[in-house]
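Asks: Please find the sequence and the predicted model below.
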Amino acid sequence: MNTTPIVDFLNRVTSALGITASVNVEETADGPRFNLTGEEAELLVRHRGEPLKALQHIVDSSYGRSLEGDKRVFVDALEYRKGKDIELRNMAKFLAEKAKQSGTDQQLGPLNPYERRIVHLAVAEIPGVSTESVGDAFSKTVLISLQK
Amino acid sequence: MSSETGVRAVVEVLAKALADRPDDVRVTESQHKQVTLIELFVSPQDIAKLIGRQGRTAAALRTLASTAGEREGKQVTLEIRESR
């Protein structure tokens, strides 16, 4: 995929915000990852990273369709979301082990679709447990239970 | 592309990326007591895209408009309107 339009877009956003930041691109199997670096990129990770989530949504709707297959664009700043995703993955695995040992269902959430995907994929690596999303809102809770 | 800085500029960059008719995007900024009103005018064809499912794109635009306002100590309100 040609990442130049997205890099240009992110540069226009940071310059309009009046912050000095550079965009690093990393190609992964899941698609390109864009990480904004520079001290002032901190502006985007305030309020629990809400501005970053908003930026991700806008990049998805503007450029998401130019991706092939199940690849997705990932927008990050100061590797904030990368760290959060690792935490979430570890938490999912911890709860999966707990469900396995105790036999009782474990809950995680509410989580947005992206976060739920991380949980489903992480738990799928552990045999004997299954996951299910419950709820009917945009954010749902993931139930991790012992497979019968 | 202009190298302008501020809430208006941020909303313009985002809206132009989202719109199918970026040339029809127009953004105005006005001050009403302590609130900064940003009006985003887009082509009638682009309204749905700019609002998004469940208003999620509009919410994202408002979040980033507030972020830009935070830099300048402004409290921002964003209205999305049809241009004609």
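Replies: Perfect, I can see it now.
Asks: Buried ones in the lengthiest helix in chain A, by neighbour count?
Replies: Counting residues, the longest helix found in chain A (DSSP state H) is helix A:80-102. Of all the residues in helix A:80-102, those buried under the rule 16 or more other CB atoms under 10 Å in any protein chain shown are A:80-81, A:84-85, A:88-89, A:92-93, A:95-97, A:99-100. Every residue, glycine included, has its C-beta placed from N, CA and C.
Asks: what do you get for stretch A:45-55?
Replies: For stretch A:45-55, the neighbour count (16+ other CB under 10 Å) marks A:45, A:49-55 as buried.
Asks: Which pair of those spans the longest distance?
Replies: Farthest apart among those by CB to CB are A:V45 and A:A54. That separation is 12.1 Å.
Asks: Just list the residues touching the nearest residue in space to A:G49 that is not next to it in sequence, thanks.
Replies: Using CB to CB, 6 or more residues apart in numbering or on different chains and skipping the chain neighbours, the partner closest in space to A:G49 is A:Y80 (5.6 Å). Going by CB atoms under 8 Å, 6 or more residues apart in numbering or on different chains, A:Y80 touches A:44-45, A:49, A:52.
Asks: Also A:I118?
Replies: A:85, A:88-89, A:92.
Asks: Check which element follows the worst-scoring helix or strand of chain A on mean pLDDT along the chain.
Replies: When the helices and strands of chain A are scored by mean pLDDT, DSSP states H and E, strand A:106-111 comes last with a mean of 90. Note on strand A:106-111: by DSSP states H and E, the next helix or strand toward the C-terminus is helix A:113-124.
Asks: any low-confidence regions in chain B?
Replies: Counting by pLDDT under 70, chain B contains low-confidence ranges at B:1-3.
Asks: could you pull out the helices for chain B?
Replies: Here chain B has its helices, by DSSP H, at B:7-18, B:47-51, B:56-72.
Asks: Around chain B, which positions in chain A sit nearby?
Replies: Neighbours of chain B within chain A, by CB under 8 Å from any CB of the partner chain: A:9, A:12-13, A:15-19, A:43-44, A:46, A:50-51, A:53-55, A:57-58, A:61-63, A:138.
Asks: Of the residues you listed, select the buried ones using a PyMOL command.
Replies: Only the buried entries of the residues of chain A next to chain B go into this PyMOL selection, using 16+ other CB under 10 Å:
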select buried, chain A and resi 9+12+13+15+16+17+18+19+43+44+50+51+53+54+55+57+58+61+62+63
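Asks: Count the neighbours of residue 29 for me.
Replies: Since you didn't name a chain, this refers to chain A. By other CB atoms under 10 Å in any protein chain shown, 5 other residues sit near A:A29.
Asks: meant chain B actually
Replies: If we define neighbours as other CB under 10 Å, then B:E29 has 15 of them.
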